[in-house]
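> Okay, here's the prediction I keep looking at, along with the sequence it came from:
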Amino acid sequence: MRANPYLFAAYAATWIIHIVYLGTIVQRYARLKREIDDLKK
Amino acid sequence: MRRVFPILVILTGILLSYALYMALVGAPTEQTMGNVQRIFYYHVPSAWTAFILFFINFGASIYYLIKRAPAADIVALVSAEVGVVFCTIVLVTGPIWARPVWGIWWTWDMRLTSTLVLWLIYVSYLFLRRFSASGQTPLLAAALAVFGALCVPFVYFSIWFFRTQHPQPVMGGGGSIDPRMLHVLLLNWLAFSCFAFLVCWSRYRLEKLQRDVDEAHALRSLMGEERVGGSNQPRKDIPRSA
């Protein structure tokens, strides 16, 4: 299969969007964990 | 459940990798468009997954309006959020595919415009959930979700009712597709659906935990106030009765 810049861009954009969203979920989990630790104190 | 989740993550990862391999290598090359047509294997499954998530949002919102169940409210929020992510992918990959095939990034035809409107409705839904502090927010959001869901069939069938530049739908449309291409398309849809399910699952757990923590914070501040208010010390600002 010959590399096509548009094909590469579409696939890369898809995974970048998913990874950024997953990153926000991980970030929210970390913030919540800190809040829970504060509540336990 | 905690043991099942990592296993499902691994299985979904394998399925997504295999689906990617099939989309890039396994599927036959389309004769007119060439390799750029392979965007189809990400663009269409993302659209279908977004539509399913918006319908889940619709069902959960209706259930919330009838029963006022907090779990239904969480399902509605989570499905809308993940649905917006998939709809964003549709709106990004679409123009990337259109540029080499149509010669333009965007055209204001009915399918493209209605998809953009659908995306805007669900983004406004998420903004409402995020920034409104009223106790009526879940109720307002559920009403907006019902309105948004009505747009989903309109987006899907818009290419039947209007003359558009967008091709006919793969399922239920007039066009035909090579069975090998259909196989890869369905494989990618399955992979993305499994992925969406896992993301929704983790997001549901996060939202439920967040609400529990918010409740604990509220309870804590209430108890703090009671301790101050319920003190045995006489308050100096209130005059003693004669």
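Looks like it arrived, so ask away.

> use CA for all of it now, contacts and neighbours both
Will do.

> Spatially, which residue comes closest to the most centrally placed residue in chain B, not counting chain neighbours?
Using Cα atoms, centre = their mean, the residue of chain B that lies closest to the mean C-alpha position is residue B:83, 1.4 Å off. Spatial nearest neighbour of residue B:83, chain neighbours left out: residue B:50 (4.4 Å); criterion: Cα to Cα, 6 or more residues apart in numbering or on different chains.

> picking up where we left off before, now do the contacts for the residue nearest to the centre of chain B.
B:49-51, B:53-54 (Cα atoms under 8 Å, 6 or more residues apart in numbering or on different chains).

> What of residue B:111?
With contact taken as Cα under 8 Å, 6+ apart, residue B:111 is in contact with B:155-156, B:158-159, B:164, B:166.

> quick one: it from chain A, how far?
19 Å (Cα to the nearest Cα, to the nearest Å).

> hang on, that residue in a helix?
Yes - counting by DSSP: H, G, I helix; E, B strand; the rest coil, residue B:111 is part of a helix.

> So which elements touch the lengthiest helix in chain B?
Longest helix in chain B, counting residues (DSSP state H): helix B:179-229. Contact partners of helix B:179-229 among helices and strands, from 3 or more Cα pairs under 8 Å, 6 or more residues apart in numbering or on different chains; DSSP states H and E: helix A:5-40, helix B:4-21, helix B:40-67, helix B:70-102.

> JSON lines for the ones you listed, including mean pLDDT and distance to residue B:32?
Converted to JSON lines, the helices and strands packed on helix B:179-229 look like this (pLDDT from 0 to 100; distance: least, Cα to Cα, whole Å):
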{"stretch": "helix A:5-40", "mean pLDDT": "93", "distance to residue B:32": "15"}
{"stretch": "helix B:4-21", "mean pLDDT": "95", "distance to residue B:32": "22"}
{"stretch": "helix B:40-67", "mean pLDDT": "94", "distance to residue B:32": "14"}
{"stretch": "helix B:70-102", "mean pLDDT": "94", "distance to residue B:32": "9"}
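
> Which of those sits closest to residue B:143?
Closest to residue B:143 of the helices and strands packed on helix B:179-229, according to Cα to Cα: helix B:40-67, at 7.5 Å.

> What helices and strands are in contact with the closest one?
helix B:70-102, helix B:137-161, helix B:179-229.

> Would you tell me which one of those helices is buried the most?
helix B:70-102 (a mean of 22; mean count of other Cα atoms under 10 Å in any protein chain shown).

> Residue B:216: what's it in contact with?
Residue B:216 neighbours (Cα under 8 Å, 6+ apart): none.
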